[in-house]
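# Have a look at this prediction, sequence included:
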Amino acid sequence: MAVCTAAGLLVGLSNVQGQISPVQPVVPVTGSGANAGSVTMMLKETSLPVADMAAELPGLLGLSEKHSFSLLSTKTDQLGMTHQSYRQLFEGVPVEEGMILVHFREGKAQSLNGRLARLASLSTNPAVDGQEAYNSARNYSNSLKGDRDYPVELLIVSLNGEQAGYALAYKVRVDGQSPEGIWKMMDYYIDAQSGKLIRSVNLLHTDVEQVAHTLYSGPQTITVDSGAFGYRLRDNKRLIETYDVGGLDRSRRGDLYFRGVRDIYNTGNEWTEQPAIMTMTLTNVANNMLSGLGFQNGGRFVTSFIVRDSGSGEPELMTWPDIRMSQNTSTSVPVIARNIYVFPKDLLYWGGFGKFNLSSEEVTDSAFFNVNNIASGIFPWTDAGGNAGSYEVSMEKNPALDAHWGMARTHDYYQEIFNRNSYDGAGSVVRNYINGIWPMTLNQTNAAALPGPDFGMVYGLGDGVAMNPVVGLDVMGHEFTHMVTETNGNGGLIYMGESGALNESFSDIFGTCIEFYTKPEEANWNIGEDVVRSRIGFMRSMELPKHTNNPDTYRGTFWADTENNEVDNGGVHINSGVQNKWFYLLTEGGSGTNDKSDDYTVKGIGMKKAEQIAYRNLVNYLTPASRFYDAYKGSLLATADLFGDTSEAYQAVKDAWFAVGITEADSVLSVSETATPVAVQVYPNPASQQITIASDESKAFSVYIINILGVPVIKSDVQRGLNSVDISSLPKGIYTIQYSDGSRKQAQKLSVL
């Protein structure tokens, strides 16, 4: 009985990265450290209107005529502010990580922020064409199969490492199946001059953090639809659809990710516990099923699964295979498959064990048995070949109910708290795929958010040993937020390094907020406390990240190498602890000493204010390549919008970032932060050729004019009286004048026209 030759058996996504060939730096990166390329500028004094911004940006930012900006999006928020995002171009070629966000009130520019590349010379004439780059990406992906072609993009991209530079490259997306049977969704960046791989990015947002599990939370109200079929898990009000996709092929047709998704039905008014096949055991083997295993034997492993007779003559796979991915050439009985969660109907079911070949998708030395009893209990089975074992049926809650209910609560949270309808703000359908994670990770102990255009959430059923079903309330919020991030209107957050850690952290933040919103008396700051079955009892702690080896200080203890994409995409699940700790302190407050030996005290502002600041930062002030410093600056801009820059909330945001090791890039202080201001006046301001600095100070002091990247461009010594400073060499834009007499510092803005 051949049941495992369906193409869908091994469809999925991979975390395997291609080999990265070294590429020599092309152009030095302007700036240094964690803040290289970061831009923040106040524009209130310029009175620039919305219509002129694209033409003004190169001059404001001090860029050459080779640079330009194209408008990507315009949106108006609930405060009446308008936010525009602009993509940076160099000689007409988009700079992938170059994006500037400009913010307007009543049609006049208030501020800008983002990241840019200050390029002097870089050839934009490729030596290889797009087809060659596509073929190269396919080669690096080592894919045997593929579907859905994507356009090849010519971009200017940053190289790995600070001060490493930029290169002209093609961005090629490849979806394909590896020789091991794992499906990949990858972006490959191919050097347009050499054809070598610069880097690859896994587009699947996989999550190891497993959260509060509502299977054990008692009865909850869910919304379903009804018809001649009875009731099914479809919420037409919120446009939430929940499906069983165990063993199903990927579709890639229309807007469904899986082919032939199965609705989940019920005939009564209550969705109660049902008999489920939960465990299958192999206790006696009379063939060669358990020998000749491992990759050294052609990728053969012992596996188990359940199929049913669909009535069409072709058996239907109901579960993904439970494979023992061991390098041992043999295994011993008993072989146990747990957390199967198959709810039998009135059709004939079979259980199966066998030796599975990953490459050919064939099962040999197999054993099959009828599942002919759905009463609770453990039932023995034997086959004609002498193989034997048992299967267990018990009364179980369907994990799909938790996903359906949890997604409704997640939808309501975003609608009520942020006035956001669905993940994209446009009311799009939300799809839950239950029992579909196996193709992405070759196990059931995970959950994932599918990237566009497939947008959907996929949940595993756990293994019954380390993990329970991965359908907890926080998982709903976490996965949903990944899609919110991708559709934030500014291009999301690149899923690698610091931007990827911010991506993961925002999902943790709002997953936790949704838990407090829905279950305030039970909610806590741990991630995965019900799903995880290990001794520690959770995956991460936002309050105490170090309990699970996550950093609570920027580049402090447990910080992961952001340039090593082979490890967690550059630490996306690890370094997320930094912003997680920031959000906890901002909400709850606290004091202590961080890994930089800085003592801190933060006065908490409560979750209602903190979540508004985090959300506004995510959707209005972050660009795809944002780092923690950008999140710091963006959160201050968001707080100033919401509560003012003299509010307690503004100070708490700064204090919380200080607590996790993020401060200003330079030592420039504002006038309001200086106890005794330096007695000077500057005029004219704005200016174009020359400024006069009038000093009433008794002694001389130094003046620095600093550009937006924090680099001093003019230094002058100022005496008591009138002092002229030539600024004719400065490109127009916004600068900072910093005064220092050795004991005091003061700063003010200078507009150069």
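In hand now; what should we look at?
# what helix or strand does the nearest residue to Gly354 once chain neighbours are set aside sit in?
The shortest distance from Gly354 to any non-neighbouring residue, by Cβ to Cβ, 6 or more residues apart in numbering, is to Ser366 (3.4 Å). Where C-beta positions appear, they are placed from N, C-alpha and C, glycine not excepted. Secondary-structure assignment from DSSP states H and E places Ser366 in strand 362-371.
# before we move on, what SS does Val484 have?
Reduced to three states with DSSP: H, G, I helix; E, B strand; the rest coil, the structure at Val484 is helix.
# shouldn't it be in contact with His411?
No - under the contact definition of Cβ atoms under 8 Å, Val484 does not touch His411, with a separation of 11.2 Å.
# Touching both of those two, which residues are there?
With contacts taken as Cβ atoms under 8 Å, 6 or more residues apart in numbering, Val484 and His411 have no neighbour in common.
# hmm, back to that, give the pairing partners of the strand holding Ser366; include direction for each.
Neighbouring strands of strand 362-371 in its sheet, by DSSP bridges, are strand 349-357 (antiparallel).
# Just the C-alphas of the partner strand, formatted as PDB.
Taking only C-alpha atoms (Å, rounded to 0.1, in the frame of the first residue of the first chain), the coordinates of strand 349-357 have been written out as PDB:
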ATOM      1  CA  TYR A 349      -8.300   4.800   9.000                       C
ATOM      2  CA  TRP A 350      -4.900   3.100   9.000                       C
ATOM      3  CA  GLY A 351      -1.900   3.600  11.000                       C
ATOM      4  CA  GLY A 352       1.500   3.000   9.500                       C
ATOM      5  CA  PHE A 353       5.200   2.600  10.400                       C
ATOM      6  CA  GLY A 354       8.000   2.200   7.800                       C
ATOM      7  CA  LYS A 355      11.400   3.100   6.500                       C
ATOM      8  CA  PHE A 356      11.100   6.400   4.800                       C
ATOM      9  CA  ASN A 357      13.500   7.700   2.000                       C
END
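# residues in contact with the strand holding Ser366?
The contact list for strand 362-371 (Cβ under 8 Å, 6+ apart) reads 1-5, 277, 282, 285, 287-289, 303, 306, 344, 348-357, 381-383, 385, 387, 389, 391.
# Of the residues you listed, just the buried ones, ChimeraX syntax please.
Buried residues within these, by 16 or more other Cβ atoms under 10 Å, are selected in ChimeraX with:
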select :3,4,277,282,285,287,289,303,306,344,349,350,351,352,353,354,355,356,357,381,383,387,389,391
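# Among the contacts of strand 362-371, which lie within strands?
Taking DSSP state E as the definition of strands, the contacts of strand 362-371 contribute 277, 282, 303, 306, 349-357, 381-382, 389, 391.
# Kindly list the longest helix within this structure.
The residue-count maximum for a helix in the chain (DSSP state H) belongs to helix 497-518.
# Give me the next element, helix or strand, following that one.
With elements assigned by DSSP H and E, the helix or strand that comes after helix 497-518 is strand 526-527.
# Can you tell me the strand partners of that following strand and which way each runs?
For strand 526-527, pairing defined by DSSP bridges yields strand 540-541 (antiparallel).
# Contacts for the strand it pairs with next, please.
Strand 540-541 is touched from outside by Glu209, Asp508, Trp525, Asn526, Ile527, Gly528, His547, Thr548, Asn550, Ser576, Gly577, Asn580, with contacts defined as Cβ under 8 Å, 6+ apart.
# Please report how far the second one lies from Glu486.
Put plainly, it is Asp508. Here the criterion is Cβ to Cβ, to the nearest Å. By it, Asp508 lies 16 Å from Glu486.
# so where do the helices sit in this structure?
Ranges of helices in the chain, per DSSP H, are 53-60, 130-141, 399-418, 438-441, 473-486, 497-518, 568-571, 577-588, 607-620, 628-643, 648-659.
# Per-residue pLDDT of Arg744, please?
The pLDDT attached to Arg744 in the predicted structure is 62.
# Which helix or strand in the chain has the lowest average pLDDT?
Among the helical and strand segments of the chain, the one scoring lowest on mean pLDDT, DSSP states H and E is strand 205-207, with a mean of 49.
# can you pull out the strands in the stretch 51-200 of the chain?
Remark: strands assigned in the stretch 51-200 of the chain by DSSP state E, counting those that start in this stretch are 67-76, 82-90, 93-105, 108-115, 145-146, 153-158, 166-177, 183-191, 197-202.
# what would those strands look like in a markdown table with mean pLDDT?
Putting the strands of the stretch 51-200 of the chain into a markdown table (pLDDT from 0 to 100) gives the following:
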| stretch | mean pLDDT |
| --- | --- |
| strand 67-76 | 93 |
| strand 82-90 | 94 |
| strand 93-105 | 93 |
| strand 108-115 | 91 |
| strand 145-146 | 62 |
| strand 153-158 | 93 |
| strand 166-177 | 89 |
| strand 183-191 | 86 |
| strand 197-202 | 85 |
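# how about a markdown table for these, with mean neighbour count and distance to Glu588 added?
Formatted as a markdown table, the strands of the stretch 51-200 of the chain follow (neighbours: other Cβ atoms under 10 Å; distance: least, Cβ to Cβ, whole Å):
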| stretch | mean neighbour count | distance to Glu588 |
| --- | --- | --- |
| strand 67-76 | 16 | 32 |
| strand 82-90 | 21 | 30 |
| strand 93-105 | 22 | 29 |
| strand 108-115 | 23 | 27 |
| strand 145-146 | 13 | 48 |
| strand 153-158 | 21 | 36 |
| strand 166-177 | 23 | 41 |
| strand 183-191 | 24 | 38 |
| strand 197-202 | 22 | 34 |
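# correct me, but Leu203 touches Met496?
No - applying Cβ under 8 Å as the test, Leu203 and Met496 come out as separate, 10.4 Å apart.
# how near is the most centrally placed residue in the chain to Thr553?
For the chain, the residue whose C-alpha lies nearest the mean C-alpha position (Cα atoms, centre = their mean) is Asn503; its distance is 3.5 Å. The span separating Asn503 from Thr553 equals 20 Å under the rule Cβ to Cβ.
# One more: Arg262?
Applying Cβ to Cβ, the value for Arg262 to Thr553 is 47 Å.
# go on, Ser123?
For Ser123 relative to Thr553 (Cβ to Cβ), the value is 41 Å.
# what's the closest residue in space to Met476 that isn't next to it in sequence in contact with, if anything?
Closest residue in space to Met476, ignoring its immediate chain neighbours: Gly406 at 3.6 Å, by Cβ to Cβ, 6+ apart. The neighbourhood of Gly406, defined by Cβ under 8 Å, 6+ apart, consists of Thr214, Val471, Gly472, Leu473, Val475, Met476, Gly477.
# This completes my enquiry, with thanks.
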